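> only the shape, not the letters, is given here:
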């Protein structure tokens, strides 16, 4: 009888662990990355760069908290890569979001003339492509999810 109770208890613990890991994976997989604001900052004509300030929101609409979330993105303007950005280890409680602000310098000599003209006209599309990665299974395992977000600057 004790053996049956031990097997039953072990099975319940295993089911609970699998369920919890499933919730953690679902939270990371369904996290939304949105660019909610982009502002051109300082334009430096002497050193030939412009500063771009991006505001990004990461939304967790799931019932499980996301722990140690980090991300890495390539940034595109007019489908041309202008650089890379990342953020490190934030926690997002269930049914909530976190905002991240980042500043990027865009050097004119490193991008195509068409991008410089689009920035000067204040009409361009910014796209982030990359991934977010969070911890699952008692923060022992990383789970990675590809993401993409766009913002039309007008």
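Done, it's in. Predicted, not measured: the structure shown is a model, and the values here were computed from it.
> nearest spatial neighbour of residue 76, skipping sequence neighbours?
If the residues on either side of it in the chain are set aside, residue 76 comes closest to residue 127, at 4.3 Å by Cβ to Cβ, 6 or more residues apart in numbering. Yep, even glycine has a C-beta here, placed from its N, CA and C like the rest.
> tell me how far the helix or strand bottoming out on mean pLDDT in the chain lies from the chain's centre.
Using mean pLDDT, DSSP states H and E, helix 113-120 stands out as the lowest-scoring helix or strand of the chain, at a mean of 78. Chain-centre distance of helix 113-120: 26 Å, with Cα atoms, centre = their mean, to the nearest Å.
> picking that back up, count of neighbours near the residue nearest to residue 76?
Burial of residue 127 is recorded as 17 neighbouring residues (other Cβ atoms under 10 Å).
> and the helices in this protein?
2-29, 113-120 (DSSP state H).
> pLDDT at the residue nearest to residue 76, what is it?
pLDDT for residue 127: 94.
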